[in-house]
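Visitor: A predicted structure for the sequence below; I have some questions about it.
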Amino acid sequence: MGNKRQYGSNACGNVFHSIFLFKNRRFIPTEFWRKNSEHIREWLGSIEKVELPKNNWLFFQLLVHVLLYKLDLSPLDWDRIKGWQKQINEFIGAMEFIATASLAALIIITALPFIFIL
């Protein structure tokens, strides 16, 4: 099993791959999605099973989760989203110079367009 730093870099990669697939989904043949959607979901969604450090990497898990939903590869799990929000709040609360509610709200609001608009 790798260290948390390695998992964090994998999380970044999963976010970029998810965004690429989302932004280019209309150009990807239907047959490709039919054959590979389960593998793509497992590959990108694997970041949700990794224990990341309690820092901004938690946002990557949240963003991949939302993008998988927008790609119709996974249902949106509000309990997981609330769990990430709680962990992000705990991380921010440990940082005395940042207001917990404002940054946590900013992180969650950043993900909302992916849920409702795109």
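Guide: That came through, no problem. In this text, all values refer to a predicted model and were calculated from it rather than measured experimentally. Residues are numbered from 1 along each chain as shown.
Visitor: Could you give the backbone dihedrals for Ser74?
Guide: Dihedral pair for Ser74: phi -160, psi 150, per degrees, to the nearest 10.
Visitor: and the residue lying closest to it once chain neighbours are set aside, what is it in contact with?
Guide: Nearest residue to Ser74 in three dimensions, chain neighbours excluded: Leu68, at 3.9 Å (C-beta to C-beta, 6 or more residues apart in numbering). To be clear about C-beta, it is placed using only N, CA and C from the backbone, and glycine gets the same treatment. By C-beta atoms under 8 Å, 6 or more residues apart in numbering, the residues touching Leu68 are Ser18, Arg41, Leu44, Gly45, Ser74.
Visitor: Go through those residues and flag which are in helices.
Guide: Ser18, Arg41, Leu44, Gly45 (DSSP state H).
Visitor: Most neighbours out of the residues you listed, which is it?
Guide: Ser18 (26 neighbours; other C-beta atoms under 10 Å).
Visitor: Just give the nearest non-adjacent residue to that residue, would you?
Guide: Leu67 (3.9 Å).
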